[in-house]
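Trainee: here you go, sequence then predicted model.
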Amino acid sequence: MINRILIRIKVVQMLYSYMVSGNSLSVRDAKKELSKSLELGYELYHYLLLLIVELTELHADRLEQAKNKFLPTEEELNPNTKLIDNLFVKALMEDADFRSYIDEKPITWRDDDIFMKLMLDRVLRSEEYAQYIDSEGNDFEEDCVFWHSVMKNVILPDEELSDILESKSVYWNDDLYTVGSFVLKTIKKFEAKEQYPIMAKFRNEDDESFGPALFGYAIDEREYCNSLINRYVNTANWDVDRIALMDRLIMTVALSEIIHYPSIPTRVTLNEYIEIAKYYSTPKSGQYINGILNSAVNYLKSSGRINKE
């Protein structure tokens, strides 16, 4: 689940924290913090999946309470139970990998009762729900499509969700978009009835070691990368001293990856960090960084420091 896109973002974030901390954060501690942030990204993945389960359970509790009140209406006595009978949710709850993680990690949304009630109301008022309950019975594919649509269009864009995640972890607000995409992919994997739909933390050992190693390279190559950046700044339009710290750090990590990972195509690396710059820096940073990095890469090739496309 934690792919190299997310790892690159985390390395840039941690390098920024390391640089602005002065001497209060050692390289060793920064690497530990990087590993912690990646672990929390995996926790957020399960946390968002658990939200689906606990919204379903909350809806079941509501229906039961309405049925048992003093003078229930006919509709309350015979409610539409399609949502609580959702076959995707049942499959998720029964998945061994999901259950194992949830049992080991005491995470729950039940302490956030106001948020849960409001979110359930939004789901029940949504166009997706209206269309969903319009058909009778439960079909596994339809049940997966419903929650995929609700997660994509109702839950993930919700500002209150973003706020509540930020209050729980400083990392989660930035992670929401990327981790949310993994949740959507997971629902698709359930729909396709894959044997192991829950994503592993890392795809392989190379991905697991990629983050700490890249961070170390960025620290080691910082002065050299800065000299390359300064060499190719268009000083007629921009003062070297006015380059935003985040822009400089994004380019430093990008160049460190280009130098130390010969198996990763240069264009792949450039595209990834240009996208990171668009999100974490100024609106014009992507184009600006692209120009400097391309010039620096041409120099690295001509000087023999790298030999790849």
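Mentor: Here it is on my side, so go on. Residues are numbered from 1 along each chain as shown.
Trainee: after the helix or strand of the chain with the lowest mean pLDDT, next one along is what?
Mentor: Every helix and strand of the chain was ranked by mean pLDDT, DSSP states H and E. The lowest is helix 74-77, at a mean of 82. Downstream of helix 74-77, the first helix or strand assigned by DSSP states H and E is helix 87-94.
Trainee: what are the buried residues along that following helix?
Mentor: For helix 87-94, the neighbour count (16 or more other Cβ atoms under 10 Å) marks 88-93 as buried. (Each C-beta comes from the backbone N, C-alpha and C, glycine too.)
Trainee: okay, these in TSV with pLDDT next?
Mentor: Output for the buried residues of helix 87-94, formatted as TSV (pLDDT from 0 to 100):
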residue	pLDDT
88	98
89	98
90	98
91	98
92	98
93	97
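Trainee: and stretch 264-278, C-alpha only, in CSV?
Mentor: The C-alpha trace of stretch 264-278 is given here as CSV (Å, rounded to 0.1, in the frame of the first residue of the first chain):
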residue,chain,number,x,y,z
ILE,A,264,14.5,4.3,-11.9
PRO,A,265,14.1,6.2,-15.2
THR,A,266,15.0,9.8,-14.9
ARG,A,267,11.6,11.0,-16.4
VAL,A,268,9.7,9.0,-13.8
THR,A,269,11.6,10.7,-11.0
LEU,A,270,11.2,14.2,-12.6
ASN,A,271,7.5,13.8,-13.1
GLU,A,272,6.9,12.6,-9.5
TYR,A,273,8.8,15.6,-7.9
ILE,A,274,7.2,18.1,-10.3
GLU,A,275,3.8,16.9,-9.0
ILE,A,276,4.9,17.1,-5.4
ALA,A,277,6.1,20.7,-6.1
LYS,A,278,2.7,21.6,-7.5
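Trainee: what residues does that stretch touch?
Mentor: For stretch 264-278, contacts defined as Cβ atoms under 8 Å, 6 or more residues apart in numbering pick out 4-5, 8-9, 12, 246-247, 250-251, 253-254, 257-258, 261, 285-286, 289-290, 293-294, 297, 306, 308-309.
Trainee: roughly how far out does it sit from the chain middle?
Mentor: 17 Å (Cα atoms, centre = their mean, to the nearest Å).
Trainee: give the buried residues for it.
Mentor: So, applying 16+ other Cβ under 10 Å, buried residues of stretch 264-278: 266, 269-270, 272-274, 276-277.
Trainee: ditto for stretch 141-154
Mentor: 142-152, 154.
Trainee: now stretch 6-25
Mentor: If you call a residue buried by 16+ other Cβ under 10 Å, then stretch 6-25 has these buried ones: 6-16, 18-19, 25.
Trainee: biggest helix in the protein, by residue count?
Mentor: helix 27-67 (DSSP state H).
Trainee: looking at the buried residues of stretch 6-25, which one is closest to residue 124?
Mentor: Nearest to residue 124 among these is residue 6, at 32.3 Å by Cβ to Cβ.
Trainee: so that closest one touches residue 175, yeah?
Mentor: Yes: counting by Cβ atoms under 8 Å, residue 6 touches residue 175, with 7.3 Å between them.
Trainee: which neighbours do these two share?
Mentor: residue 41.
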